[in-house]
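**Q** take a look and give me a structure for this.
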Amino acid sequence: MNKLLYYNTGALSWFILRRDRIRISVWLISLSLLTFAVAMSFTELYPSDLERQAVAETMKNPAIAAMVGQGYGLDHYTNGAMMAHQMLLFTGIAVAIMSILFVARHTRADEEDGRIELIRSLPTGRLSNLTATISVIAGINVLLALLVGLGLYALGIESMDLYGSLLYGAALGVIGIFFAAITALFAQLSESSRGTIGLSFAILGIFYLIRAIGDAGDGMISWFSPLGWVLGAEVYVNNYWWPILLTITVALMIIILSFCLNGIRDLESGFIPAKPGRKYASRFLQSPLGLTFRLQRTGIITWMIAMVILGASYGSVLGDLDSFFEGNEMIQQLLVSKAGFTLMEQFIPMLMSIMAMISTIPALMFILKLKGEENKNRTEHLLGRAVSRIKLLGGYVVISLMISYVMLFLTAFGFWSAGIAVLEDGISFSMLHNAAAVYLPALWIMIGIAVLLVGFAPKLTGFTWLYLGYSFIVVYLGGLLQFPEWMSKLSPFGHIPQLPVEDITFVKLATLTFIAAMLTTIGFHSYKQRDIEG
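**A** Okay, here's the model as predicted:
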């Protein structure tokens, strides 16, 4: 082994930790605290064996198995088995997202920005940056595994012993390492950070669908997905460690392949060639709006497909909704209970609040893309020509506003498409559309905050993601975790009427829309006045 290829890897690892110390801390604290909070809430919601067994019966539903994984230990459904069965998969997906974004940021994104070229001009090895990135993200996932494992054991919950808790943490850690390896591989194959992140998220979605199809059946197909491998550990019941070893072994093989490809490719190139564009740009592409749409076209299409699939996955549960909710106190606390409405109608507001907050993600990503372009010194080139700042920012805002509606519409469409297939009497599309579209003012406020920060304090744009995370916790999990009502009112999503259970309050929606317009207007004015960062 040529040690010069890895020269100064330790210094680069420390540099990466220094750059992302805040991001890393936020991810670790958020994931750990959420895990502990849910574990403690389960013990309060289901204190007796009889109540837990009632929940176990609902977990035998194929639609539920497709969402959270096949149940195990259902004959004696302990708090530990319930926690692992209902939370391990979704927490693992969050860990995978963390790892994907981290690796893409420090590999292909840094390569696009010219940082890797600068680093290689210094006394560092050819593989040092990739080695440092993999080492740091592996260390982060190991630390997360220990924090979660030891933390769950420290809660002192019956059936959550040290052995099972460490396995729970290890399962989360290996999911993160696996998808870090996947992202490192795509960083060699793709020529852009957008392609790297897009392909990595696509693989994550494909693995989730493979596992869902398998778990809804006999479980055989699930073994073609690493998410299925990890769930096969049967944490807190049988505590199998071999799926963890299998996952980490495959991840190491992918990492080795990534190193081989990184060692032979040219800097700023990829093994998947980029499709050549047109020789002459269209008139639409020559406008700021057209350029903005073209830059984000792939991401928009990917999110559109994802929202349809996500809506359809929830719609597929409607056929067995009664059996799922019967005796499930946790879900009943999340529902908007009101006399005179069916269980399905009470389920729709909970679903739409989740879908609305997920739909906010692409809307924010696209408006904050302007900040990313500014960081890469690309906006100076545009503004140096006959393009005003208002038109440039306006193009991003228009795209984000359009995306906010399109994502909600596709969510309702996917939910309706699956719903009419499993319900004998069907379901009204207009009702679903209205229940989703009523969240538009909340999405517009989030966009307005992003525009305000881009114009007034671009270094604080990360606050929008923290605020969205806060909104998800207090609005979706507020009832489950017994948060006071005022906490949900600090989020725009906490002011939206829960259609079709509640009536529309046009004054409240108009007020939210006015606030969004004011935030956006101030953002435009600030962006017009401030200096463009170089």
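
**Q** tell me which residues of stretch 366-381 come out buried.
**A** Buried residues in stretch 366-381, defined by neighbour count with 16 or more other C-beta atoms under 10 Å: 366-371, 373-374, 379. Every residue, glycine included, has its C-beta placed from N, CA and C.

**Q** quick one: neighbours of the closest residue to residue 82 other than its chain neighbours, just the number.
**A** Closest residue in space to residue 82, ignoring its immediate chain neighbours: residue 42 at 5.7 Å, by C-beta to C-beta, 6 or more residues apart in numbering. For residue 42, the count of nearby residues is 21 (other C-beta atoms under 10 Å).

**Q** okay, residue 42: pLDDT?
**A** Looking at residue 42, its pLDDT stands at 79.

**Q** tell me how far it lies from residue 437.
**A** 34 Å (C-beta to C-beta, to the nearest Å).

**Q** go on, residue 56?
**A** 37 Å.

**Q** okay, the two: which has more neighbours?
**A** Between residue 56 and residue 437, residue 56 has the larger neighbour count (other C-beta under 10 Å), namely 22 against 17.

**Q** what helix or strand is the more buried one on?
**A** Element membership for residue 56, per DSSP states H and E: helix 49-58.

**Q** state the mean pLDDT of that helix.
**A** 75.

**Q** what packs against the next helix or strand after that helix?
**A** Next along the chain after helix 49-58, taking DSSP H and E as the criterion, comes helix 62-68. Judged by 3 or more C-beta pairs under 8 Å, 6 or more residues apart in numbering; DSSP states H and E, the packing partners of helix 62-68 are helix 79-104, helix 193-216.

**Q** confidence-wise, which of those is weakest overall?
**A** Across the helices and strands packed on helix 62-68, helix 193-216 gives the lowest mean pLDDT, at a mean of 84.

**Q** neighbouring contacts of the helix or strand following that helix?
**A** Going down the chain from helix 193-216, the next helix or strand is helix 226-231, by DSSP H and E. Residues from elsewhere that reach helix 226-231 (C-beta atoms under 8 Å, 6 or more residues apart in numbering): 69-70, 88-89, 92-93, 171, 174-175, 178, 207-208, 210-211, 214-215, 219, 221-223, 243-244, 246-247, 250.

**Q** ditto for stretch 99-119
**A** 12, 16, 20, 23, 128-130, 132-134, 136-137, 140-141, 176-177, 179-180, 182-184, 187, 190, 192-193, 195-197, 200-201, 204, 267-268, 375-376.

**Q** which of these count as buried?
**A** 12, 16, 20, 23, 128-130, 132-134, 136-137, 140-141, 176-177, 179-180, 182-184, 187, 190, 192-193, 195-197, 200-201, 204.

**Q** before we move on, back to that, among the buried residues of stretch 366-381, which are located in helices?
**A** Among the buried residues of stretch 366-381, DSSP state H puts 366-371, 373-374, 379 in helices.

**Q** before we move on, back to that, now the helix holding residue 56, how far from the chain's geometric center?
**A** Chain-centre distance of helix 49-58: 30 Å, with C-alpha atoms, centre = their mean, to the nearest Å.

**Q** now it: buried residues?
**A** So, applying 16+ other C-beta under 10 Å, buried residues of helix 49-58: 52, 54-58.

**Q** swap in stretch 307-318?
**A** Buried positions in stretch 307-318, judged by neighbour count with 16+ other C-beta under 10 Å: 307-308, 310-318.

**Q** what comes into contact with it?
**A** Against stretch 307-318 from outside (C-beta under 8 Å, 6+ apart): 61, 63-64, 66-67, 205, 209, 212, 324, 344, 347, 351, 355, 358-359, 407, 410-419, 421-423, 427.

**Q** for PyMOL, write the selection for the buried entries among those.
**A** Selection of the buried residues among the contacts of stretch 307-318 in PyMOL, burial being defined by 16+ other C-beta under 10 Å:
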select buried, resi 61+63+64+66+67+205+212+324+344+347+351+355+358+359+407+410+411+412+413+414+415+416+417+418+419+422+427
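
**Q** among the contacts of stretch 307-318, which ones are in helices?
**A** 63-64, 66-67, 205, 209, 212, 324, 344, 347, 351, 355, 358-359, 407, 410-419, 421-422.

**Q** ok so, going back, need the buried residues of stretch 366-381 in JSON lines with pLDDT, can you?
**A** Output for those, formatted as JSON lines (pLDDT from 0 to 100):
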{"residue": "366", "pLDDT": "87"}
{"residue": "367", "pLDDT": "88"}
{"residue": "368", "pLDDT": "86"}
{"residue": "369", "pLDDT": "85"}
{"residue": "370", "pLDDT": "84"}
{"residue": "371", "pLDDT": "83"}
{"residue": "373", "pLDDT": "78"}
{"residue": "374", "pLDDT": "78"}
{"residue": "379", "pLDDT": "76"}
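
**Q** reformat these as JSON lines; add distance to residue 234.
**A** Converted to JSON lines, the buried residues of stretch 366-381 look like this (distance: C-beta to C-beta, whole Å):
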{"residue": "366", "distance to residue 234": "41"}
{"residue": "367", "distance to residue 234": "43"}
{"residue": "368", "distance to residue 234": "40"}
{"residue": "369", "distance to residue 234": "42"}
{"residue": "370", "distance to residue 234": "47"}
{"residue": "371", "distance to residue 234": "44"}
{"residue": "373", "distance to residue 234": "47"}
{"residue": "374", "distance to residue 234": "49"}
{"residue": "379", "distance to residue 234": "52"}
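
**Q** for these, which one is nearest residue 29?
**A** Nearest to residue 29 out of those is residue 368 (C-beta to C-beta; 22.6 Å).

**Q** the closest one touches residue 462, doesn't it?
**A** No: using C-beta atoms under 8 Å as the test, residue 368 is too far from residue 462 to be in contact (9.0 Å).

**Q** pop the domain breakdown of the chain in here.
**A** Structurally, the chain divides into domains by automatic domain parsing as follows: 1-273, 287-534.

**Q** now distance to residue 280 too, for those domains, in TSV please.
**A** Shown next, in TSV, are these (distance: least, C-beta to C-beta, whole Å):
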stretch	distance to residue 280
domain 1-273	21
domain 287-534	13
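
**Q** of all these, which one comes closest to residue 279?
**A** Among these, the nearest to residue 279 by C-beta to C-beta is domain 287-534 (15.1 Å).

**Q** buried subset of the contacts of helix 226-231?
**A** Buried residues within the contacts of helix 226-231, counting neighbours by 16+ other C-beta under 10 Å: 69-70, 88-89, 92-93, 171, 174-175, 178, 207-208, 210-211, 214-215, 219, 221-222, 243-244, 246-247.

**Q** end to end, how far does stretch 52-66 reach?
**A** 20 Å (C-alpha to C-alpha, to the nearest Å).

**Q** for that stretch, what is the distance to the chain centroid?
**A** 25 Å.

**Q** I'd say residue 135 and residue 11 touch.
**A** No: using C-beta under 8 Å, residue 135 makes no contact with residue 11, being 11.9 Å away.

**Q** residues shared between the contacts of these two?
**A** Counting by C-beta under 8 Å, 6+ apart, nothing touches both residue 135 and residue 11.

**Q** residues in contact with residue 399?
**A** Neighbouring residues of residue 399 by C-beta under 8 Å, 6+ apart: 289, 292-293, 296, 300, 366-367.

**Q** which strand or helix spans residue 387?
**A** Judged by DSSP H and E, residue 387 forms part of no helix or strand.

**Q** please apply the same query to residue 487.
**A** helix 485-489.

**Q** from the middle of its chain, how far away would the helix or strand following that helix be?
**A** Scanning forward in sequence from helix 485-489 by DSSP H and E, the next helix or strand is helix 506-529. When distances are taken as C-alpha atoms, centre = their mean, helix 506-529 is centred 27 Å away from the chain's centroid.
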